[in-house]
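**Student:** this one's sequence-less:
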C-alpha cells in the first residue's frame, strides 16, 4: 500500500520523526476504549461494572484510530500528532542497560522493559507503578514465557508509555517512524483518568502492550474487517496475563447483546466483546497457543482477511470455527473461571425464526421438559446448528441446553426451526451424530474423545455436568489461563 505521510516534523536537533499516519485510512494505531456504564446511543446496552467495582464516568469507545487521520478538533492532545520529545535520539543508558529512545518528560519511571513518562498533572507515581505492574507481567507472559517477538528496538531501548489525561479515550497504541526504525516504533498512551481501579488499569496496560506485539506481526492496513481481531486478541491477552482479573468481563456484553451481526463488525463495539472466541480457540478448539499461532500465521499472509488467517492457522474451516465457538460459548462449556455474561436467548420452539449476518449467531434455549431434535428450514443463505451435542444440520437438544444457529454465507441467512420429539425419547440426549453415528464433539476435538451425558445449563440452572470431565482434561495443561465451569455451580445470571 502506498504510504502518505501526513506530517514530518523535527522536534529537536538530530530528531527525524515521521508520523506514520495514512491519509484517508485508519492510522497504524489501535485504541483501547471501553465503556464503564450506561448505554451506547443507538447501540447494544453495556453491562454494568461488577458489584464493588468503581464506576467511572461513561466512556464511549469510538476508536481514536480513525479520528486522528486529520486534525478535525476531535483530538485534544497534540502529543498524539507528535512523537515524544526527541524520539529517535537515544538518551543516557540506565541501570537496566537499556536507553530511553528520546528525551524525558517532567516525570518518568523506568522498569526492566518500559519507560513510563508523564507531565505534572497527567498522572502520579502510583499510577505509573500500577501500570508498570501490568506491563511487566504482560512482557513476562508473552515475551519470556511464550516466545512472542518483542516490539522493535526493545532489545536496546525501553518501550515508551505516556500517561495523559485529556485524550478522551482510555488508551491508544501507535507507531512513529524514524530512520532507524522505518517500520515504526511503538508508543503506548494510557489515560490516567482511569487509573482509579487498579485491576482495570492493569488490564488496560496489558491490552495496549499486546497491540505493540501485534505490530511486530502484521501491518495495520485499515481495511474493512481488519480491526476486530486486533481488539479481540488484546482483550483476551489481558485475560491470559491475569486469569483471575474480571475487569474485562463486562465487555462480553458487546457480543452477547448483538451476536447476530457479522463476525468482523465494529458496530456497538462488537469487536471488543467477541474476545471469548480466542478463549475457545485456546481451549476447547485447537488448543493452547492458537491465538499466538494465528498472529504468527498472519505475519506471512499480508492482506488476507482474518477468517482466512484463522483457517490457515487452525486447519479448520471457518464454519467449524464459529460453530464450535458459538455452541460451546452458549452452553458455558468453557469460561474465564467465572460464567460469561448471559447470552440473550430466544425460546427454542417449532417455527421459531431468526436471521443473522455473516458468521453471526442467534441463540435459543430449550425450556421444555424433554429432549427434542432440531433442524432448520433456511429461507435465504446457509446455516449450521451447534450445541452440547456438537455441530450439524440436525441436532438433539436437551432441556435447558442452548442451540446456536450461525449464518455461514457471506450474505447472511434467515431461517425457521423445526422442533420434534424423537420417538422413544428417554429424556437423555443422544450424544452421537444423528447422521453418521460417530461420536459427538466440536471441531478440533478427536471424535473418540469421551463425551458424557450433558446436564442442563443456563439461567439459574446447572452448568453442563457431563462436559466437566472433558473440559477438565483439555484444560489441565492450561490451568494458569482458564478454567472450566464448575460442575453443579449455579449460574450467576
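**Tutor:** Looks like it came in fine. Because the structure is a prediction, the values reported are computed rather than measured.
**Student:** from now on I want contacts and neighbour counts done on CA atoms only, so please keep to that.
**Tutor:** OK.
**Student:** helices of the stretch 151-300 of the chain, residue ranges please.
**Tutor:** Taking DSSP state H, counting those that start in this stretch, the helices of the stretch 151-300 of the chain run over residues 198-217, 227-241, 253-256, 270-273, 276-282, 290-298.
**Student:** generate a markdown table for those, with mean pLDDT as supplementary columns.
**Tutor:** Shown next, in a markdown table, are the helices of the stretch 151-300 of the chain (pLDDT from 0 to 100):
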| stretch | mean pLDDT |
| --- | --- |
| helix 198-217 | 94 |
| helix 227-241 | 94 |
| helix 253-256 | 92 |
| helix 270-273 | 93 |
| helix 276-282 | 96 |
| helix 290-298 | 98 |
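**Student:** stretch 348-362: which residues count as buried?
**Tutor:** Neighbour-count burial for stretch 348-362 flags 348, 349, 353, 354, 355, 356, 357, 358, 359, 360, 361, 362 (criterion: 16 or more other CA atoms under 10 Å).
**Student:** what mean pLDDT does that stretch get?
**Tutor:** Mean per-residue pLDDT for stretch 348-362: 97.
**Student:** check stretch 144-154 too.
**Tutor:** Stretch 144-154 comes out at a mean pLDDT of 95.
**Student:** deepest of the helices of the stretch 151-300 of the chain, which one?
**Tutor:** helix 270-273 (a mean of 28; mean count of other CA atoms under 10 Å).
**Student:** returning to that earlier point: any chance of CSV for the helices of the stretch 151-300 of the chain, columns distance to residue 88?
**Tutor:** What follows is those, written out as CSV (distance: least, CA to CA, whole Å):
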stretch, distance to residue 88
helix 198-217, 17
helix 227-241, 27
helix 253-256, 39
helix 270-273, 33
helix 276-282, 36
helix 290-298, 28
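**Student:** to residue 104, which of those helices lies closest?
**Tutor:** helix 198-217 (20.0 Å; CA to CA).
**Student:** now for the closest one, which elements pack on it?
**Tutor:** helix 125-139, strand 171-177, strand 185-191, helix 227-241, helix 290-298 (3 or more CA pairs under 8 Å, 6 or more residues apart in numbering; DSSP states H and E).
**Student:** pipe the ones you listed into a markdown table and attach distance to residue 165 per row.
**Tutor:** Compiled in a markdown table, the helices and strands packed on helix 198-217 are given as follows (distance: least, CA to CA, whole Å):
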| stretch | distance to residue 165 |
| --- | --- |
| helix 125-139 | 12 |
| strand 171-177 | 10 |
| strand 185-191 | 5 |
| helix 227-241 | 22 |
| helix 290-298 | 32 |
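**Student:** can you tell me which of these comes nearest to residue 339?
**Tutor:** helix 227-241 (13.9 Å).
**Student:** report pLDDT for residue 464.
**Tutor:** pLDDT at residue 464 comes out at 29.
**Student:** show me the shaky parts of the stretch 301-450 of the chain.
**Tutor:** 337-338, 423-450 (pLDDT under 70).
**Student:** how about the strands in it?
**Tutor:** Taking DSSP state E, counting those that start in this stretch, the strands of the stretch 301-450 of the chain run over residues 345-347, 353-356, 361-365, 372-380, 383-387, 390-392, 394-397, 402-407, 413-420.
**Student:** these: which one's closest to residue 98?
**Tutor:** strand 361-365 (48.4 Å).
**Student:** quick one: the closest residue to residue 416 other than its chain neighbours from residue 263, how far?
**Tutor:** Distance criterion CA to CA, 6 or more residues apart in numbering; nearest residue to residue 416, sequence neighbours excluded, is residue 353 at 4.2 Å. To residue 263, residue 353 is 20 Å away according to CA to CA, to the nearest Å.
**Student:** thinking again about what came up before, can you list the buried residues of stretch 348-362 in TSV and add distance to residue 416?
**Tutor:** Formatted as TSV, the buried residues of stretch 348-362 follow (distance: CA to CA, whole Å):
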residue	distance to residue 416
348	11
349	10
353	4
354	6
355	9
356	12
357	15
358	17
359	17
360	16
361	14
362	11
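**Student:** so which of those residues would you say is closest to residue 396?
**Tutor:** Residue 396 has its nearest neighbour among the buried residues of stretch 348-362 in residue 348, at 12.0 Å by CA to CA.
**Student:** that closest one touches residue 362, doesn't it?
**Tutor:** No: shown here, residue 348 and residue 362 do not form a contact pair, counting by CA atoms under 8 Å, at 10.8 Å.
**Student:** and stretch 353-369, how far apart are its ends?
**Tutor:** 21 Å.
**Student:** er, stretch 164-171 I mean
**Tutor:** Stretch 164-171 end-to-end distance (CA to CA) = 9 Å.
**Student:** now swap in stretch 181-193 and tell me
**Tutor:** 31 Å.
**Student:** also stretch 281-297?
**Tutor:** 15 Å.
**Student:** would you map out the domains in this protein?
**Tutor:** 7-223, 342-457 (automatic domain parsing).
**Student:** could I get the buried residue list for stretch 382-396?
**Tutor:** 382-392, 394-396.
**Student:** do the same with stretch 108-120
**Tutor:** Buried, per 16+ other CA under 10 Å, within stretch 108-120: 108, 110, 111, 113, 114, 115, 116, 117, 118.
**Student:** max pairwise distance over these: which two?
**Tutor:** 113 and 118, at 16.9 Å, using CA to CA across those.
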